[in-house]
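Asks: Starting from these lines, generate the structure:
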Amino acid sequence: MMRALVLCLSLLVPTIGQAQERPANPEIEAVISGQMQAFRDADVSGAFEYAAPVIRRMFGTAENFGMMVERGYPMVWQPGEVTFGALREERGGLWQKVYVRDGAGALHVLDYEMKDVAGTWRIGGVIVLDESLSA
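Replies: Residues are numbered from 1 along each chain as shown. As a prediction, this is how the structure comes out:
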């Protein structure tokens, strides 16, 4: 009886902090694609331009930023196939899921935090999700 009551109440109470999916945003996808293309082209300064101000302040120079990406996010440094997943509002921000296949064929799932900076989308951070898989 108690389980049935808990189940009924859980169905009636909305989940707080649950992600809300949003329609695809071509501008956000273009920013992420643009940064990845800049890395492919060895244009670290160009890639740094896509970073939100907090990231730019954290690393100070494009060179420092590039070293961090090359060492910590090799799948972004030289990405292979890139596919966009769900865009969602979560944890007080806007997050874009991105699937990246690296040169070795491994699939990586990344979460890009997107920031609106004076009407222009910028990348506020990237999290590698545990969903990343081998080929």
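
Asks: Longest helix in the protein, by number of residues?
Replies: Scanning the chain for the helix with the most residues, using DSSP state H, yields helix 26-40.

Asks: List the buried residues in that one.
Replies: Within helix 26-40, the residues that qualify as buried by neighbour count (16 or more other C-beta atoms under 10 Å) are 28, 29, 31, 32, 33, 35, 36, 38, 39. Bear in mind the C-beta positions are built from the backbone N, C-alpha and C, glycine included.

Asks: what residues are up against the spatially most central residue of the chain?
Replies: When the chain is reduced to its mean C-alpha position, the closest residue under C-alpha atoms, centre = their mean turns out to be residue 112, at 1.2 Å. If a contact means C-beta atoms under 8 Å, 6 or more residues apart in numbering, then residue 112 has 28, 32, 95, 96, 97, 98, 123, 125, 126 as its contacts.

Asks: Skipping adjacent residues, who's closest to it in space?
Replies: If you skip the residues right next to it in sequence, residue 112 has residue 96 as its closest partner in space, 4.5 Å away by C-beta to C-beta, 6 or more residues apart in numbering.

Asks: beta partners of the residue nearest to residue 23 when sequence neighbours are not counted?
Replies: Beyond its immediate neighbours in the sequence, the residue positioned closest to residue 23 (C-beta to C-beta, 6+ apart) is residue 87, lying 7.2 Å away. According to DSSP bridges, residue 22, residue 96 are recorded as the beta-bridge partners of residue 87.

Asks: Of all the residues in the one helix or strand the residue nearest to the centre of the chain maps to, which ones are buried?
Replies: In this assignment (DSSP states H and E), residue 112 forms part of strand 107-117. Of the residues in strand 107-117, 107, 108, 109, 110, 111, 112, 113, 114, 115 count as buried by neighbour count, 16+ other C-beta under 10 Å.

Asks: what's the next secondary structure element after it?
Replies: Sequence order places strand 120-128 as the next helix or strand after strand 107-117, per DSSP H and E.

Asks: That next one packs against which elements?
Replies: With contacts defined as 3 or more C-beta pairs under 8 Å, 6 or more residues apart in numbering; DSSP states H and E, the packing partners of strand 120-128 are helix 26-40, helix 53-59, strand 107-117.
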